[in-house]
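S.K.: okay, structure incoming, though there's no sequence with it:
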C-alpha cells in the first residue's frame, strides 16, 4: 500500500512575521525557526530526521531522503512524504507515532500526484504506467507549441548529432531555453527515458544556444506532444533480486559533424540503464570526460561508469530487504552486466598483469570495478547490439517507419 502525506506544521512555533517581534532597544534571541529564514529548511530537515528515527524509521546512508523501518518505507521530498507497506495498518501506526512526537500529517487519497507523477494501472494487463502529462503540457506551452500540431515528430532527435553550430544563426529567444531544458531534464530522469539522449545533447548548449538548438528543443516538444499520454511502464518479474545493467558507448559520435579542431567533437558518449526485477530504476546519457582512443576504451569507460552506479543500487536493495521480509545480502543477488563489445567484455573480466600494451593506459584507471566484479560475483554477459538497452542513451532513436510517419 502507498499513501502520500503532506506535512502541515512539523516545527512548533514556525510562524510569525517581522512586525510581531520588533522591540526597540533590545536584541532578541531566536529560539525557534521562522518561515522564510535562510536556515529554516535545514532546521526543518534536521527536525524531521530526528522524529523519523524516534518512530523507528532509519535514514539511509545512500539516499538521505529514504527512511526504512521494520515494516514501513518512507520517502521525503521537501514537505511531502510517501509511505509504502504491505499492510495499510502499519502506515497508520507510523503516522500516529509521528503525530504524537510533533509531526502533523495530512493524508492524501493516494500517491497518484506525488511530485507531479500520475501512476495509472491498466485494468486488463495490470501493468503500472508512470506519467507526467502535466509537465509535458507545461513544456509544450512554454515553447508555444500548444496552438496546434502542424508537424508532429515520432522521434525526439535527428539522426545526426546536435553540434555547437558556432557560426549558425543566433537564438530567437522566443522562449526561455534554460527553463525548458530544466523541465525536460526532470521529465527525462523520472518517466521518459526515451528523451534522455536528446535532452542531454540540448542541455550542453544552455549558455550558448543557437537557433538550431532551439529547433532541437522544439522537436523534442513535438515528439512529447505526439506521445503525451505515454510514460514509463513498470512490469516487474518474480525475481526481485535480479539486477541487470546495460552499459553502452558511442565512440567519437560527433566526429565528422563538428569542426575538426574542436576537442569536444571527439568525445565519446556513455549511456546505460540499470533495472531491478526488470524495472528501470536508473538511466543516464552523458559525454565521457576523457577522450577515448578506441571503441574498446570507450566501452570499458562506460562499463566502469555504470558499475559506479550499480554497486550503490545493490547496497540499496540489501538495505530495503528487511522491510519487505526479504533476507538478502549482496552476494545472493543475481547481478549481471550486459555488454555488446567483445573486446571490452574480455578486458573487463581480466585482472592485471594480463592487460594488453594498448589498453594499459586506461585499464589501470578502471581496474577498481574489475576487482569489485570478482568480489561481488557480478556476472559479465555478451549481448547482441540489437538487444542492448543502453543503445538508446548513446544515439538518436531510429526513424519511425509506421503509418504515422510523416503526419
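M.R.: Cool, the structure landed. Since we're looking at a predicted model, the values are computed, not measured.

S.K.: could you look up the SS state of residue 281?
M.R.: Under the three-state scheme (DSSP: H, G, I helix; E, B strand; the rest coil), residue 281 adopts strand.

S.K.: those strands in the stretch 151-300 of the chain, which residues are they?
M.R.: Remark: strands assigned in the stretch 151-300 of the chain by DSSP state E, counting those that start in this stretch are 232-234, 242-250, 269-276, 279-287.

S.K.: now for the helix of greatest length in the chain, which elements pack on it?
M.R.: Longest helix of the chain, by residue count under DSSP state H: helix 295-320. Under the contact definition 3 or more C-beta pairs under 8 Å, 6 or more residues apart in numbering; DSSP states H and E, helix 295-320 sits against strand 66-68, strand 242-250, strand 269-276, strand 279-287, strand 334-339, helix 342-348, helix 360-363, helix 367-375. C-beta here means a position set from N, CA and C on the backbone, and glycine is covered the same way.

S.K.: TSV please, covering the strands of the stretch 151-300 of the chain and showing distance to residue 110, mean neighbour count and mean pLDDT.
M.R.: Output for the strands of the stretch 151-300 of the chain, formatted as TSV (distance: least, C-beta to C-beta, whole Å; neighbours: other C-beta atoms under 10 Å; pLDDT from 0 to 100):
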stretch	distance to residue 110	mean neighbour count	mean pLDDT
strand 232-234	16	16	93
strand 242-250	28	25	96
strand 269-276	23	24	96
strand 279-287	20	18	95
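
S.K.: tell me the pLDDT of residue 352.
M.R.: We have a pLDDT of 64 for residue 352.

S.K.: cool, and residue 156?
M.R.: Note for residue 156: predicted pLDDT of 94.

S.K.: one step back: of all the strands of the stretch 151-300 of the chain, which one comes closest to residue 44?
M.R.: Nearest to residue 44, of all the strands of the stretch 151-300 of the chain, is strand 279-287, at 28.0 Å by C-beta to C-beta.

S.K.: list the strands paired with the closest one, with their directions.
M.R.: Sheet pairing of strand 279-287 (DSSP bridges) gives strand 269-276 (antiparallel).

S.K.: by how many degrees do the strand it pairs with and strand 334-339 diverge?
M.R.: Angle of strand 269-276 versus strand 334-339, following axes from the mean of the first three to the mean of the last three C-alpha atoms, to 10 degrees, is 160 degrees.

S.K.: circling back: okay if I get the helices and strands packed on helix 295-320 as JSON lines plus distance to residue 230?
M.R.: As requested, these are exported to JSON lines (distance: least, C-beta to C-beta, whole Å):
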{"stretch": "strand 66-68", "distance to residue 230": "28"}
{"stretch": "strand 242-250", "distance to residue 230": "21"}
{"stretch": "strand 269-276", "distance to residue 230": "17"}
{"stretch": "strand 279-287", "distance to residue 230": "14"}
{"stretch": "strand 334-339", "distance to residue 230": "25"}
{"stretch": "helix 342-348", "distance to residue 230": "33"}
{"stretch": "helix 360-363", "distance to residue 230": "39"}
{"stretch": "helix 367-375", "distance to residue 230": "34"}
